[in-house]
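> Below: sequence and its predicted model.
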Amino acid sequence: PQGTMAFTGKYEFEADENYDAFVQKIGLPSDKVEMGRNCKIVTEVVQNGNDFTWTQHFPGGRTTTNTFTVGKEADMETFGGKKFQTTVKMEDGKLVAEFPNYRHTAEISGGKLVEISTSSGVVYKRTSKKIA
């Protein structure tokens, strides 16, 4: 297990790629599609060994928090607000989670939080810069 606190920090949305194709693929309702487009989401991560608290702050005051331990099943909430259970894994320094209709990875690369979601061949990439 990595003892590094590599993920801990606060990250602000900087750029994304393939947003529209991805949200269509996962069937996100159109009101949520508009809400999420170029959305200055702030992601706050607290890592304590293999335990994570992952909070996303959306403009307008909505927040989503997922708490999980690497390698153990956890209750999670999707982008669109659906609840489900998954086991988050650590592969090559990346967090990997299988969501109901997409695979999500997160890593710290060059001081940025890089998240990649893949659904049936459509790859959505979101990059956030560290602000705290």
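In hand now; what should we look at? Numbering: from 1, shown residues only.
> which one is N18 nearest to, not counting chain neighbours?
Distances taken as Cβ to Cβ, 6 or more residues apart in numbering put Y124 closest to N18, at 4.8 Å, once the chain neighbours are dropped. Every C-beta, even on glycine, is put in place using the N, C-alpha and C of the backbone.
> Who are the contact partners of that neighbour?
Residues in contact with Y124 (Cβ atoms under 8 Å, 6 or more residues apart in numbering) are 16-19, 21-23, 116-118.
> Please, which helix or strand holds it?
Element membership of Y124 [criterion: DSSP states H and E] is strand 122-130.
> For the lowest-mean-pLDDT helix or strand in the chain, buried residues please.
Ranking every helix and strand in the chain by mean pLDDT, DSSP states H and E puts helix 30-36 at the bottom, with a mean of 82. Using 16 or more other Cβ atoms under 10 Å as the test for burial, helix 30-36 gives G36.
> just stretch 93-108 next, same as before
Buried residues in stretch 93-108 (16+ other Cβ under 10 Å): 94-97, 99, 102, 104-108.
> Using just helix, strand and coil, how would you label the residue nearest in space to the middle of the chain?
In the chain, the residue lying closest to the centroid (Cα atoms, centre = their mean) is E115, at 5.9 Å. With DSSP: H, G, I helix; E, B strand; the rest coil as the basis, E115 sits in strand.
> beta partners for it?
A106, R126 (DSSP bridges).
> S30 versus that one, what's the distance?
Distance of E115 to S30, given as Cβ to Cβ, to the nearest Å: 22 Å.
> what's the answer for S128, then?
Applying Cβ to Cβ to S128 and S30 gives a distance of 24 Å.
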